[in-house]
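*Asks:* pasted the sequence and its predicted model underneath.
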Amino acid sequence: MTLAAHDLTLQRGHRLLLDAVDLVLAPGELVCLLGPNGAGKSTLIRCLDGIWKPGAGSIHIDGTPLSRIGREELARTIAYVPQQSGETLGLSVAEMVTLGRAAHRHRENGAQRREMVHQVLARFNLQAMAQRPFDALSGGERQRVLIARAVAQDARYMLLDEPTSALDLRHQLETLRTVRRLVDENGIGALTAIHDLSAAARFADRVALLDQGRLVAVGRWQDVLTPARLAAVFGVQAHVGVVEGLPYILPADS
Ligand SMILES: Nc1ncnc2c1ncn2[C@@H]1O[C@H](COP(=O)(O)OP(=O)(O)OP(=O)(O)O)[C@@H](O)[C@H]1O
């Protein structure tokens, strides 16, 4: 049981956006996908969700090629949290979250669906804004709704593209804790792109570092986020350590 990418390569024009990427995501683990702007994090996530087709290489879900999995089954298997929503056609928050149940519609009745949506709205503290138009929310509120929609999807794997980028400190923590809980309690496999290296070190089981389309290192944060590698990939000198059990990666002054 894994979501496995092997030798994934994607070229656009003369540019290699993904260069022979190998990555395996197992149920019950949280992997944080790190790397500078333009490294290919969103590109990799879109390929894993089947939105973009890689030029070469393979993606298997629990042993089955991604291309052989139908749309509905894929939606029950992988939930994707984009950086921004597409066209939302004036939908309310509750309706947006209900969209997460679309692939389950033949397996539940209306009352069951409403109950599930109600639970997810409560879990994300979104009840008070349930009837508001999604488009009228702040960027951070919208991000929380998109995560709630993915949770409502109740999939085995979750791919999140910078889910905390628009969130305030409390909601960043709450979101990462929620993902951590889904991994620990529901056994989902989660891959999340994130720029906050300290948060990644704190919450992830493993981190994967992308640079110019290549996966330069995957493993425990202590082994991947070394000062030498941070200097090589981000061009930044950084202090790396642990205070009161919490990892930190702090850019140095020079
Ligand atoms: N549709 C596209 N066509 C061509 N090139 C693209 C396309 N989308 C993205 N790219 C390029 O692919 C590279 C990787 O982009 P991607 O969005 O995957 O990076 P990222 O690591 O997610 O970056 P960020 O941290 O800024 O979100 C970038 O150089 C980008 O310009």
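*Replies:* Good, I have the coordinates.

*Asks:* okay, now the unreliable bits of the stretch 151-254 of the chain?
*Replies:* Screening the stretch 151-254 of the chain residue by residue with the criterion pLDDT under 70, one finds the ranges 253-254.

*Asks:* show me where it has helices.
*Replies:* Chain-ordered helices for the stretch 151-254 of the chain, with DSSP state H, counting those that start in this stretch as the definition, fall at 169-186, 197-203, 221-224, 227-234.

*Asks:* what about the last one, near the ligand?
*Replies:* No - residues of helix 227-234 contacting the ligand under CB under 6 Å from any ligand atom: none, with a closest distance of 11.4 Å. Where C-beta positions appear, they are placed from N, C-alpha and C, glycine not excepted.

*Asks:* domain parsing for the protein?
*Replies:* Per the TED database, the domain ranges recorded for the chain read 1-77+157-253, 83-154.

*Asks:* in the protein, which residue is closest to the centre?
*Replies:* In the chain, the C-alpha closest to the average C-alpha coordinate belongs to residue 160, at a distance of 1.6 Å (CA atoms, centre = their mean).

*Asks:* now residue 117: which helix or strand?
*Replies:* Per DSSP states H and E: residue 117 is located in helix 110-123.

*Asks:* and this structure, which of its residues are near the ligand?
*Replies:* By the criterion of CB under 6 Å from any ligand atom, the positions of the chain lying close to the ligand are 12, 17, 35, 37, 38, 39, 40, 41, 42, 43.

*Asks:* so which of those residues wins on neighbours?
*Replies:* In terms of neighbours by other CB atoms under 10 Å, these top out with residue 40 at 26 neighbours.

*Asks:* that one and residue 23 touch, don't they?
*Replies:* No - with contacts counted by CB atoms under 8 Å, residue 40 stays clear of residue 23, the gap being 11.5 Å.

*Asks:* what about residue 158, neighbour count?
*Replies:* Residues near residue 158, counting by other CB under 10 Å, number 25.

*Asks:* just residue 157 next, same as before
*Replies:* A count of neighbours around residue 157, defined by other CB under 10 Å, yields 22.

*Asks:* ok, now which ones touch it?
*Replies:* Counting by CB atoms under 8 Å, 6 or more residues apart in numbering, residue 157 touches 3, 25, 27, 61, 77, 78, 79, 188, 189, 190, 191.

*Asks:* thinking again about what came up before, just give me the closest of the residues of the chain next to the ligand to residue 197.
*Replies:* residue 35 (10.4 Å; CB to CB).

*Asks:* what's the closest non-adjacent residue to that closest one?
*Replies:* Distances taken as CB to CB, 6 or more residues apart in numbering place residue 210 nearest to residue 35, at 3.6 Å, with adjacent residues excluded.

*Asks:* is it true that that neighbour touches residue 38?
*Replies:* No - using CB under 8 Å, residue 210 makes no contact with residue 38, being 9.8 Å away.

*Asks:* most tightly packed of the helices of the stretch 151-254 of the chain?
*Replies:* With neighbours defined by mean count of other CB atoms under 10 Å, none of the helices of the stretch 151-254 of the chain is more surrounded on average than helix 197-203, at a mean of 21.

*Asks:* which strands and helices sit next to it?
*Replies:* Using 3 or more CB pairs under 8 Å, 6 or more residues apart in numbering; DSSP states H and E, the elements in contact with helix 197-203 are strand 30-34, helix 169-186, helix 221-224, strand 246-251.

*Asks:* now tabulate these in TSV and tack on distance to residue 204.
*Replies:* Formatted as TSV, those follow (distance: least, CB to CB, whole Å):
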stretch	distance to residue 204
strand 30-34	4
helix 169-186	9
helix 221-224	7
strand 246-251	10
